[in-house]
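Trainee: model the following, please.
(chains A and B)
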Amino acid sequence: MIGPIVRKEILENFLSLRLVLSLILVIIVFAISGFVFVRKYEQQVQDYSKDTNHSLAYFQGHAERLYWIATLRHQFYRKPKALTLCAEGFEKSIPNCFSFNAFSRDYPQFKGRTNALLFSFNDVDWVFIISLFLSFAALIFAYNSCCGEKESGTLRLLLAGATPRHKVLLGKYLALMFIVGVPLLLGILVNLSIVTLSKDVAFGARAWAKILSIIVLSLLYLSVFVLLGMLISSRTSRSVNSIVILLFLWVGLVILVPSSGRIVAKTLRKIPTQAEMNRKIAEMTDQWLENLLAGKYGQNAGNTSRNIEESNPPGRARAFTALTEQNNKIIDEHMNQIINQVAIGRRYTRISPTEIYRQASETITGTGIGRFSDLRRQIRRYQDDLKDYVRSRDAEDPNSLHLLFDEMNAAEMWRTISHNPVDFDTVPKFQEHDLALGQSLKLAIWDIGLLVLFNLVFFAAAYVSFLRYDVR
Amino acid sequence: MIWKIAKKEFLLNLMTFKFVVGMILSVVLMSVFMPVLVSDYQQSLKDYNENVAANEAELTKVKVYKNITPTVYRPPNVLSVFSGGVDNQLDRSEKIDIFGGSNIILEAEGYNSLLSVFPALEVTLIFKIVMSILTLLIAYDVISGEREQGTLKLILSNTAVRYKVLLGKLVAGLMTLIMPVTASFILGLLILLSSNMISLTGIQWFRIALMYFASLVFVTAMFNLALLLSCLCRSSATSLVFGLFLWLFLAAILPNSSAYIASQLKPIESDEEFSGKVKTVTDQLDSEINELNKDVKKDGSEDATDAPGAFGHTYYRLCNKSEMDYNRKKYSVMEPVKIKYFDKILGVKEVHLNDLVKQKQFADKLAGSSPIVLYENLMSVLAGTDFGNYKCFKNNVRTYGNEVADYIRFKTENFASTSYFTPCKEGDYERIIEIYYKPFLEAKDKEKKAELYKATIARYEQMVKETPPLNLQDMPKFSYRPQSIGDTLRQAIPKLGFLIIAGILFFSLSYVAFLRYDVR
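Mentor: Residues are numbered from 1 along each chain as shown, chains lettered A, B, ... in the order given. Modelled structure (predicted):
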């Protein structure tokens, strides 16, 4: 029995103005998104290649000696990702340049073509189109699914037969999902056709798998709105009341709740400014200098005489290791505070399925704040690898003092780190690792679970409401 | 006749579910969000006051003119609770360094850029979203709905002429919508004024009145747009669907797409390219300084002692004659050159800043056909949170920087006076060496030597402590002069004009459509 209901609903909606409008608008917006993305991505790849080659050439140019490899700061730029097509994750407002050596990390910076005046605008990616436009369309399709039939008198005719209510509801749900799915899939198809025809964008097998996951996730998200539409439709007897409630609910869930995240985050978690962090570093460095001069790290550790007898390289190594750890800690703590502030806002805004969907999409595509945090972790791991490499090569040099710490002058003057030449090809290079689909899905499991929960709750509520619905 | 229709429509609207929900929602949203926005403003105000006080305190510690590098702050704007514009995300302070020039950093210091993942929440958001939807819901069936019910033909079968019917409906719609708009504004103002820290000036009241007026113009334009759709469609469901998709396009898709497209069609130079341009100028400066350095030679007997100064700088507390002569000559020759070059750097930075602004303006232009975007921009202009006010701050900073530079020039005889870099007077150094340092050097006994060393250090620290600060009473004070109300009006009137024209145009088109409307 479900089949005929689904067919009837689909045919009815196929002839409707709302489907035509949705289709036209969705395809236009997806097409614009595709064209602009290709252009943007080309520019990003060009800039990235230029910056990275420049950075690598600098590193290579100064990599003749082992101590340079250890102490020279080089810059790593975040690689443009083709999957930002699906979920850009506000990467434009997240620092993209990381400067570090084997020991120290600097505060991440913005490099490239960023315009703070446009920070507040969304990139028109899939998540934006689906979370905003198609969720809206889903409500427009569903708002009169029950009450509309009641108004036209067809619902009582339908239920006068042997059809049980749950089958009617299920039939309507499946039909609506199909109707919502058509513009979604067509839009994505148009978008992907434009993007894949470009010579600069190429997706690997992993990326395709992630794209597929995003499509499934999008259907799960849209299903929430379809079910919400059906729930409200089965709670109201007039379709005009249903649309009023749904519109305001949509505004609340899609616009107001995500917007309140910033103010909630700022209110619940105050964080020091970057200038305050710099002041703290300066104060702690002054304190460290006092300790150094007072001999806390050993007699003569503060001396930098060329005559090694008048100095204390092991003491200086202890001192500089302490300084490096201290500065790294302050910078890491500040970055963590910044990320935690956003995380608080995001936790709160998870009461909206839109935010859940957005965050899950970012996790799956590996973009946004999650990527930023992951990059920081990867850089820390790389620093350890680089240090291990320097340590192992340094151990081969009998003339080295084998004291690995972040002071180029000391390394040059006292040979605390080996001066031996290095084969640049053997030096570990930093390479950003993308998470496999399984790992990404594992990270997004809570968000996906929440979306499923929303679906179940709304379906159960719609079912109960429909069971008690007065069809007269 | 118009009044009769308006009265009937108005009473009908008041009893509708949509009006009740819209009214309750706007009041609830205002009651929930306004206190949070006010508290955020109060925090910004507190931070601003603390920063200004700290800066003033630091100025009282300045011992040499070279160390005068105060920071000036942009006060938070109380009207930003109504419309945040770009105010909160742009830098609120700038260091006045006659050689550092104005910085280009647009991002507010202390503003967590990662928070951009959340759209900004402000009163304008509630108006542009909730009010526009409510307007749409009230207007979408004013004609098509009456046709469906069959009441339209009854009205028109009488002596009522069509334009009067349409005007009556417009008046009724506006009477209905004026209620949530007014209630939201009054509630918002009550919450704002209930805070002890906030008091509004006459100009601010005027701006709020203009914002209220702009909101009414906006809902009128949106009402007329929905009225047009209602006159064009025979069924109210069709009119609603058209209206809702149009609303979504105008409110969300157009502004975001415009920014997205603008960032590609009007690209800005990369940070690296910009830094390269700045570096070219600084390289020229370095080479000129190197040339000048050749003329200012040291004789090798220079000596000076550092002491901690204001604003994180150090200064020479003591320096011998040779050091004094060297520095006097060096600064008098080099500082004017540095100022000249930093003016050039400022020019490069300004060009870059203008490019950023042009990109934003291009995005605004692309999205300008949307009354919702127009209203949003108009509100930020009226609230004084648009880019124009930020530019004013930048200009104020530049002017102040020049005033400070002139002041220092005047006080230090064009950087040639020793007071520019040291409070030490001629002979001080030699006298101190004679009294304290010489006995220490001459002492043979180790213990005695250590004792004398300690005493010398203690004396020096005492001297640093007792060094009187400069009297900076006559130093120019920074005053932030935001855009005048005249300038604001000059910017706001075209936008307001467009909104009014859009409203009139939509109404005229509605009238034409209604004249041809088949009421059966």
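
Trainee: who are the contact partners of residue B:389?
Mentor: Taking Cβ atoms under 8 Å, 6 or more residues apart in numbering or on different chains, we find residue B:389 in contact with B:77, B:87, B:482, B:483. Every residue, glycine included, has its C-beta placed from N, CA and C.

Trainee: swap that for residue B:163, please
Mentor: The contact partners of residue B:163, by Cβ under 8 Å, 6+ apart, come to residue B:511.

Trainee: make it 10 Å
Mentor: Residues in contact with residue B:163 (Cβ atoms under 10 Å, 6 or more residues apart in numbering or on different chains) are B:2, B:511, B:514, B:515.

Trainee: now list the buried members of those.
Mentor: Neighbour-count burial (16 or more other Cβ atoms under 10 Å in any protein chain shown) applied to the contacts of residue B:163 gives B:2, B:511, B:514.

Trainee: reformat those as CSV; add secondary structure and distance to chain A.
Mentor: Below are the buried ones among the contacts of residue B:163 laid out as CSV (DSSP: H, G, I helix; E, B strand; the rest coil; distance: Cβ to the nearest Cβ, whole Å):
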residue, secondary structure, distance to chain A
B:2, helix, 26
B:511, helix, 24
B:514, helix, 21
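
Trainee: which one of those is nearest residue A:9?
Mentor: Lowest distance from residue A:9 to these (Cβ to Cβ) belongs to residue B:514, with 34.9 Å.

Trainee: give the residue spans of the stretch 51-200 of chain A that score low on pLDDT.
Mentor: Along the stretch 51-200 of chain A, segments meeting pLDDT under 70 span A:119-120.

Trainee: go again using 90 as the cut-off
Mentor: The stretch 51-200 of chain A contains residues with pLDDT under 90 at A:51-52, A:54-65, A:68-69, A:72-75, A:78, A:88-96, A:107-124, A:144-168, A:198-200.

Trainee: identify the residues contacting residue B:140.
Mentor: Contacts here follow Cβ under 10 Å, 6+ apart; on that basis residue B:140 touches A:240, A:243, B:18, B:226-227, B:229-230, B:233, B:236-244.

Trainee: give me the number of residues near the closest residue to chain A within the stretch 301-450 of chain B?
Mentor: Among the residues of the stretch 301-450 of chain B, residue B:360 lies closest to chain A, at 4.1 Å counting by Cβ to the nearest Cβ. The number of residues packed near residue B:360 is 21, by other Cβ atoms under 10 Å in any protein chain shown.

Trainee: among the contacts of residue B:140, name the buried ones.
Mentor: A:240, A:243, B:18, B:226-227, B:229-230, B:233, B:236-244.

Trainee: if we can go back for a sec, so can I have TSV of the contacts of residue B:163 showing distance to residue B:189 and pLDDT?
Mentor: Formatted as TSV, these follow (distance: Cβ to Cβ, whole Å; pLDDT from 0 to 100):
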residue	distance to residue B:189	pLDDT
B:2	32	78
B:511	36	91
B:514	38	88
B:515	42	86
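
Trainee: from those residues, pick the one nearest residue A:217.
Mentor: Closest to residue A:217, out of all of the contacts of residue B:163 and judged by Cβ to Cβ, is residue B:514, at 46.2 Å.

Trainee: what sits against the closest one?
Mentor: So residue B:514 contacts B:143, B:152, B:156, B:162-163, B:165-166, B:169, B:227-228, B:230-232 (Cβ under 10 Å, 6+ apart).

Trainee: so which two of the residues you listed are the farthest from each other?
Mentor: For these, the farthest-apart pair by Cβ to Cβ is B:156 and B:228; their separation is 18.6 Å.

Trainee: so which of those two has more stuff around it?
Mentor: Between residue B:156 and residue B:228, counting by other Cβ under 10 Å, residue B:228 is the more crowded of the two (25 against 16).
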